[in-house]
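A.B. asks: give me a model of this one.
(one chain, ligands or ions: 1)
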Amino acid sequence: MYQDTIAAVSTPIGEGGIGIVRLSGGDALPIARRLLPAELEDRRLVHGRVIDPESGEVVDEVLVAYMRAPHSYTREDVVEINCHGGPMPLQRILGLALRHGARLANPGEFTLRAFLNGRVDLAQAESVLDVIQAKTQASLRLAVDGLGGRLSKQVRGVRESLMDVLAYLTARIDFPEDEVEEQEVGGPLEGARSTLRELIASADAGIVYRQGVRTAIVGRPNVGKSSLLNRLLGESRAIVTAIPGTTRDTLEEVVNLKGVPFLLVDTAGIMDGADEVEALAVARSRRAIEQADFVLFVVDASEPLADSDRQIIGLLKGKEVLVAANKCDLPPRAGMGELPWLRVATSALTGEGLAELENGMVDAVLGGRVVTSDAALVTNPRHKEALVRAEGHVVQAEKTIANCLPEDFATIDLTAALNALGEITGETVTEDLLEAIFSRFCIGK
Ligand code: GDP
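C.D. replies: Numbers count the residues shown, from 1 in each chain. Alright, predicted model coming up:
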C-alpha cells in the first residue's frame, strides 16, 4: 500500500471549459482542506474557492468531490478539484497541491494504484487506456467489455480448472495412491484448451479493432488516391488536384469502416526520375508501404498500366493488398491481368464501387470475423501472446498424461500455464511488466 499522495491534472490542459486536478492518497483530504476553506464531505460535490494559503489570493472558483477510501478510483482517499480548464488555473492548483504535500503522479499511476489496491485486475486496468484511445464505436465497446472484466472472467475460469487439475496431480505425487480420490483430468484440460483456442482465435480481429489497421494508399500521381481518400473520409480533407504529386506531405486520417479503424496514410505518387522533392515523395511511399499492415493500391483503369505502376507492384510483395481500379466511369484501357490481388472497380468521381471497396477492405483485414456482441474478444497483443504460451503448456500437459509419462512433467507445464494466464490478470506479474504497461498511460490517468 502506498503512503504518499499523488496529484496530477487529469484532463487535457487548456482544451475545455473545465479541467480536473486529481489527488489520491492518505493526505488528499488534508491537502485539499488547506487550499479550500469549504467543508468537504464524502461523495458530495462542494462549491468553493481555491485560495493560495500563503498569499490569500483566490486562484479559481471550483467544484470539489471527495471520495473516501475505499470507494474511489484508486481505493485510496481521492479528491477531484473541478476548476476552469485553462492552463493557468490547472497549473496553479496543481502547483499548490504539490507545494502542500502531494507529489506529481507518474504516468498511469492512479490506475496502477487501482490495480495494486485490488480494485481492478491488470487486464481491466489496461482497458482504461483502450477506452480512452478507442477509435470507433466497436473499439469502444470492446474496451468497455474489457474494463468490465469480460476477458478476465474467462481467463480466471480457465485458471481455476487448471489449478484444480494441478492440485490433484500434486496430491498424487505427494501421497500414496490409495489416499487420493481418483479424478478425471482429461475433460477439464480439454475444456481449458478449447477456451484458450477460442480466445486466441478471436485475437487477430480484436487487435485490429483496438489498434486499427495502418493502411497505405499508393499509386502513381493522378490515379485518384486523394479523391478516393476523400470519398472514404466522407469529407474533403486531403488536397485534391489535377497536378501530379501535390500530395507530397504524408497525411494521416482515421477512417471508420464498419467499426474497423483504418489509419490511412495518403502518400505522394511514385514517379520515375523526377526532381528532388519527388524523390522524397517516392521514399515516403516506400516507407509507407513498409510500415503498412495493409495497402490500397490505386490504378487508373482508363489508362494502360505504366512503368511507375509496375515499380509500385515491385514494392508490394508479401503485403496484404487490395486494388482499386479507379476511374471506372471512363472507358477501360488498363490490362489488369498483371495484378495478382483482389480488385474492386471504383470511381471516386461518381462514387461507384465505393461500398464494395469498403467491404473489400474490411474483409481483407478481418477475414470475415466481424465483432459479435457475445464473444469475448482478445484485443491486446500482450494478452494473445500469454494465451498462446498457456495453450502450449496445456497441450504439453495433456500429452504427458495421455502417454502416461511421469506426472511431474504435467505439473511443471500446468504451473507454467497458470503463470502465463496470471500475467494477463496480474496475479503473476513482474515490476518490469507493470512499468512497461503503465508508462504508456499519460499523467493523470
Ligand atoms: P492522386 O494524385 O492519385 O491523389 O489523384 P487525385 O485524387 O488528385 O485525382 C487526380 C485527377 O483525377 C483529379 O482531376 C480528379 O478529379 C480525377 N479523378 C479522380 N478519380 C476519378 C475517377 O474515378 N474518375 C474520373 N473521371 N476522374 C477522377
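A.B. asks: for the stretch 101-250 of the chain, which residue gets nearest to the ligand?
C.D. replies: With Cβ to the nearest ligand atom, the shortest gap between the stretch 101-250 of the chain and the ligand falls at G224, namely 2.9 Å. C-beta coordinates here come from the backbone N, C-alpha and C atoms, glycine included.
A.B. asks: with adjacent residues omitted, what lies nearest to Y66?
C.D. replies: Closest residue in space to Y66, ignoring its immediate chain neighbours: L40 at 4.3 Å, by Cβ to Cβ, 6 or more residues apart in numbering.
A.B. asks: name the SS class of the one you found, please.
C.D. replies: Following DSSP: H, G, I helix; E, B strand; the rest coil, L40 is assigned to coil.
A.B. asks: okay, helices next: where are they in the stretch 1-150 of the chain?
C.D. replies: 28-35, 87-99, 109-116, 122-133, 137-147, 150-174 (DSSP state H, counting those that start in this stretch).
A.B. asks: okay, those in JSON lines with mean neighbour count and distance to the ligand next?
C.D. replies: Shown next, in JSON lines, are those (neighbours: other Cβ atoms under 10 Å; distance: least, Cβ to the nearest ligand atom, whole Å):
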{"stretch": "helix 28-35", "mean neighbour count": "21", "distance to the ligand": "54"}
{"stretch": "helix 87-99", "mean neighbour count": "19", "distance to the ligand": "39"}
{"stretch": "helix 109-116", "mean neighbour count": "23", "distance to the ligand": "42"}
{"stretch": "helix 122-133", "mean neighbour count": "21", "distance to the ligand": "29"}
{"stretch": "helix 137-147", "mean neighbour count": "20", "distance to the ligand": "28"}
{"stretch": "helix 150-174", "mean neighbour count": "18", "distance to the ligand": "41"}
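A.B. asks: pick out the shakiest of these, pLDDT-wise.
C.D. replies: Comparing mean pLDDT across the helices of the stretch 1-150 of the chain, the weakest is helix 137-147, with a mean of 90.
A.B. asks: using CSV, write down the CA coordinates of that helix.
C.D. replies: Output of helix 137-147 as CSV, limited to C-alpha atoms (Å, rounded to 0.1, in the frame of the first residue of the first chain):
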residue,chain,number,x,y,z
GLN,A,137,-17.8,2.6,-31.5
ALA,A,138,-16.8,-1.1,-32.0
SER,A,139,-13.4,-0.5,-30.4
LEU,A,140,-15.0,1.4,-27.5
ARG,A,141,-17.5,-1.4,-26.9
LEU,A,142,-14.7,-4.0,-26.8
ALA,A,143,-12.7,-1.8,-24.4
VAL,A,144,-15.6,-1.3,-22.1
ASP,A,145,-16.2,-5.0,-22.1
GLY,A,146,-12.5,-5.4,-21.1
LEU,A,147,-13.0,-2.8,-18.3
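A.B. asks: what angle sits between it and helix 150-174?
C.D. replies: In terms of direction (axes from the mean of the first three to the mean of the last three Cα atoms, to 10 degrees), helix 137-147 departs from helix 150-174 by 40 degrees.
A.B. asks: what's the nearest residue to R159 if we skip its chain neighbours?
C.D. replies: Excluding its sequence neighbours, the residue lying closest to R159 (Cβ to Cβ, 6+ apart) is L421, at 5.0 Å.
A.B. asks: around L387, count how many other residues there are.
C.D. replies: 27 (other Cβ atoms under 10 Å).
A.B. asks: look up phi and psi at it.
C.D. replies: phi -60, psi -40 (degrees, to the nearest 10).
A.B. asks: so what's it up against?
C.D. replies: Residues counted as contacts of L387 (Cβ atoms under 8 Å, 6 or more residues apart in numbering) are 196, 199-200, 203, 378, 420-421, 424.
A.B. asks: if we can go back for a sec, my guess is the residue of the stretch 101-250 of the chain closest to the ligand contacts S302. True?
C.D. replies: No: assessed by Cβ atoms under 8 Å, G224 is found out of contact with S302, at 9.9 Å.
A.B. asks: need the strands for this protein, in chain order.
C.D. replies: For the chain, the strands defined by DSSP state E cover 6-9, 18-24, 45-51, 58-67, 78-84, 103-104, 213-218, 251-257, 260-266, 294-300, 320-326, 342-345.
A.B. asks: centre of the chain to the longest one, how far?
C.D. replies: If I follow you right, that is strand 58-67. Here strand 58-67 shows a centroid-to-chain-centroid distance of 33 Å under the convention Cα atoms, centre = their mean, to the nearest Å.
A.B. asks: ok and that strand relative to strand 45-51, angle-wise?
C.D. replies: Here strand 58-67 runs at an angle of 140 degrees relative to strand 45-51 (the same axes, to 10 degrees).
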